[in-house]
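K.L.:
Return atomic coordinates for the entry below.
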Amino acid sequence: MGPADVHGPLWTGILLSASLLIVWSPLAAAQFTLDPSLQNMTPRESLAKPNISVSQSSVIEQRATVYFSCVTSDVNITIHWVFNNAFLVLQEGMHLSADGKTLTILTVQRKDSGPYQCEVRGFLQVQRSEPTFLDVYYGPDSVQVKLEPGLPSGEVVNVIENSTVNFWVETETHPLPDYSWFFPNGSVSSSIKRFTINAISREHEGLYRCLVSNSVTDLSLVGAVEVRVVGILKPHIVFPNLTLVENASSVSLTCQSGFQEVGVQWFLSSQPLLPSERLELSANNRTLAIHGLRRDDTGPYECEVWNLGNRARSDPVRLNISYGPDQVDITRDPASGAVSAVEAGLGSSLTLKCWAEAEPVAEYLWSFEHNASVSEQEQLVIEPLSWEHQGLYTCTAVNPLTRLTRSALVLVTVVGWPKPVNDNVPGVQEQVRAKKMLPPVSPEHFYEIDLPSATGGSCSRDPGKVLPMYPSVPPRPKGNMESNYQVLVNPESSIYSHISSQA
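P.N.:
Have a look, this model is predicted:
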């Protein structure tokens, strides 16, 4: 053996030491430390899978204490507990032993129900037990009997006659309870959570009770509901009994129904009503407010309610909105348009008609020369025409509800020869047979004219009044002959005497 052989093992050891130093240097730089309890373990030892033992796996809420033990033969280990696949955070009423092997739940709650596991950790090894389930029984809690469809109000529920009604029970309990129903007619039904009554009638009215029993917890509770069967209560619209005037009034319409909790929809002219600046709905849609009424806001208005799966709509209502009078027109006959001046023959018949758009229908007052009231009718008939009928006639339209008046003027001109004084001369309405007429006289000569009696809306005068043969004709009016609005300041008095007194 040469010198190389003598130093061979020495160089091999040196190289091995250098290799180990290179491998462990990064670990030393990271300052890696082991759990002191694991420093004496060697990698050759493997951890065994732990098991859990529990004092009782099924318990009643608030009536038991449960102990979980993590069973393992390994030493120098740490133990962690897992609940519902997450590391357990100790809550109030839980206790963990010093070595971590025993978990105690002092007073079990329903929230403690679920799978538990223990996990052991050794040198670079982890083992977790199979889950052990803790079942916690509880309830029943408060019992509520409910109906569908239905809107309970306290312990009383209104249902629509002939509708289908489903009854069921809501409660918190484990395990599933037993149900016993006690019906108003004295019958009893068991082991059902739900039942249905088709075409419910007034015979089904009364108190329905359900006994919910938990055979494990030995607890029982009763829920009850009183059922009232009502007909389909058709809603109706209510609004104040006020005089509604265009541009001067607001009004509120209320949809009234026999149910307190209903959905409400408004309709205008059979179309769903959309709110606007003038049409305002309350929070529950029960009240519709209309601001600044216009004449076209009359409606019809309807409201529809729904509840318990049924719908019903009110009868339509219309609003009486007063307006006008609008422009006053005076016509000579139905076929003619508005006139401001007319001519008619002496002794003939003249009919003038006055009309103005208004709600309610306007009342009319005819006056002559602004001071003499001659008619209180829509139509003025003057016959036979005489010279004294010539002049300005005013028709005033009056609306006592809006307290507005409006008027128009017409100039009447009489044309033709005056009636002779000779009583043998036929009247102007008859065919004139006389061949010789009285010669004309000077303008200063006057005739006394026999006037018809003041009846039937015709004009009258003092029989002793003398008119000139050729009376002067008032000039034709120029411009607009129709007046602006005037307001009745004292609507309680006679509107006609008021207007006349203002002339």
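K.L.:
Could you pull out the strands in the stretch 1-150 of the chain for me?
P.N.:
Taking DSSP state E, counting those that start in this stretch, the strands of the stretch 1-150 of the chain run over residues 51-54, 58-60, 66-71, 78-83, 86-87, 94-96, 102-105, 114-122, 125-128, 132-137, 144-148.
K.L.:
Just put those in TSV and tack on distance to Gly345 and mean pLDDT.
P.N.:
C-beta coordinates here come from the backbone N, C-alpha and C atoms, glycine included. Shown next, in TSV, are the strands of the stretch 1-150 of the chain (distance: least, Cβ to Cβ, whole Å; pLDDT from 0 to 100):
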stretch	distance to Gly345	mean pLDDT
strand 51-54	126	96
strand 58-60	117	96
strand 66-71	123	96
strand 78-83	117	96
strand 86-87	115	95
strand 94-96	120	95
strand 102-105	121	96
strand 114-122	114	95
strand 125-128	126	94
strand 132-137	114	97
strand 144-148	86	86
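K.L.:
Kindly reformat those as CSV containing distance to Gly206 and mean neighbour count.
P.N.:
Below are the strands of the stretch 1-150 of the chain laid out as CSV (distance: least, Cβ to Cβ, whole Å; neighbours: other Cβ atoms under 10 Å):
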stretch, distance to Gly206, mean neighbour count
strand 51-54, 49, 14
strand 58-60, 36, 17
strand 66-71, 46, 18
strand 78-83, 49, 17
strand 86-87, 51, 8
strand 94-96, 50, 14
strand 102-105, 46, 19
strand 114-122, 43, 19
strand 125-128, 59, 14
strand 132-137, 34, 17
strand 144-148, 13, 17
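K.L.:
Need the ones you listed in JSON lines (columns: distance to Val414).
P.N.:
Shown next, in JSON lines, are the strands of the stretch 1-150 of the chain (distance: least, Cβ to Cβ, whole Å):
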{"stretch": "strand 51-54", "distance to Val414": "125"}
{"stretch": "strand 58-60", "distance to Val414": "116"}
{"stretch": "strand 66-71", "distance to Val414": "122"}
{"stretch": "strand 78-83", "distance to Val414": "116"}
{"stretch": "strand 86-87", "distance to Val414": "114"}
{"stretch": "strand 94-96", "distance to Val414": "119"}
{"stretch": "strand 102-105", "distance to Val414": "119"}
{"stretch": "strand 114-122", "distance to Val414": "114"}
{"stretch": "strand 125-128", "distance to Val414": "125"}
{"stretch": "strand 132-137", "distance to Val414": "113"}
{"stretch": "strand 144-148", "distance to Val414": "86"}
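K.L.:
closest one to Arg294 among these?
P.N.:
strand 144-148 (44.9 Å; Cβ to Cβ).
K.L.:
Give me the contact list for the closest one.
P.N.:
The contact list for strand 144-148 (Cβ atoms under 8 Å, 6 or more residues apart in numbering) reads 152, 157, 159, 165-171, 208-210, 223-225, 227.
K.L.:
in its sheet, what does it sit against?
P.N.:
Paired neighbours of strand 144-148 in the sheet (DSSP bridges): strand 165-170 (antiparallel).
K.L.:
Other residues contacting the partner strand?
P.N.:
143-150, 159, 179, 181, 193-197, 200, 208, 210, 212, 223, 227.
K.L.:
Can you give the distance of the helix or strand harbouring Ser373 from its chain's centre?
P.N.:
Take DSSP states H and E as the rule and Ser373 turns out to sit in strand 372-375. The gap between where strand 372-375 is centred and where its chain is centred comes out at 54 Å by Cα atoms, centre = their mean, to the nearest Å.
K.L.:
Quick one: mean pLDDT over it.
P.N.:
Strand 372-375 shows an average pLDDT of 82 in the prediction.
K.L.:
Then stretch 354-361?
P.N.:
Stretch 354-361 comes out at a mean pLDDT of 92.
K.L.:
which residues does Ser269 contact?
P.N.:
By Cβ under 8 Å, 6+ apart, Ser269 lies in contact with Gly299, Pro300.
K.L.:
before we move on, the earlier item: could you check the strand holding Ser373 and say which residues are buried?
P.N.:
Within strand 372-375, the residues scored as buried using 16 or more other Cβ atoms under 10 Å are Val374, Ser375.
K.L.:
In its sheet, which strands sit next to it, and in what direction?
P.N.:
Taking DSSP bridges as the criterion, strand 372-375 forms sheet pairs with strand 363-368 (antiparallel).
K.L.:
Can I get the strand it pairs with in PDB? Just the C-alpha atoms.
P.N.:
What follows is strand 363-368, C-alpha atoms only, in PDB (Å, rounded to 0.1, in the frame of the first residue of the first chain):
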ATOM      1  CA  GLU A 363    -126.800  81.700 -15.800                       C
ATOM      2  CA  TYR A 364    -127.500  84.600 -18.100                       C
ATOM      3  CA  LEU A 365    -128.700  88.200 -17.600                       C
ATOM      4  CA  TRP A 366    -129.700  90.500 -20.500                       C
ATOM      5  CA  SER A 367    -129.600  94.200 -20.000                       C
ATOM      6  CA  PHE A 368    -130.400  97.100 -22.300                       C
END
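K.L.:
tell me which residues in that strand are buried?
P.N.:
Buried residues in strand 363-368, defined by neighbour count with 16+ other Cβ under 10 Å: Glu363, Tyr364, Leu365, Trp366, Ser367, Phe368.
K.L.:
try stretch 230-245
P.N.:
Residues of stretch 230-245 classed as buried under the neighbour-count rule (16+ other Cβ under 10 Å) are Leu233, Pro235, Ile237, Phe239, Leu244, Val245.
K.L.:
okay, and the helix or strand of the protein with the least pLDDT?
P.N.:
Lowest by mean pLDDT, DSSP states H and E among the helices and strands of the chain is strand 446-447, with a mean of 28.
K.L.:
Which pLDDT value goes with the residue most central in space within the chain?
P.N.:
Centroid-nearest residue in the chain: Asn285, 2.0 Å away (criterion: Cα atoms, centre = their mean). What the model reports as pLDDT for Asn285 is 90.
K.L.:
and it, what does it touch?
P.N.:
Cys255, Gly263, Val264, Gln265, Trp266.
K.L.:
got a markdown table for those, with neighbour count and secondary structure too?
P.N.:
Putting the contacts of Asn285 into a markdown table (neighbours: other Cβ atoms under 10 Å; DSSP: H, G, I helix; E, B strand; the rest coil) gives the following:
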| residue | neighbour count | secondary structure |
| --- | --- | --- |
| Cys255 | 24 | strand |
| Gly263 | 12 | strand |
| Val264 | 18 | strand |
| Gln265 | 16 | strand |
| Trp266 | 22 | strand |
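K.L.:
Just flag the most distant two among those residues.
P.N.:
Within the contacts of Asn285, Gly263 and Trp266 form the most distant pair, 11.4 Å apart (Cβ to Cβ).
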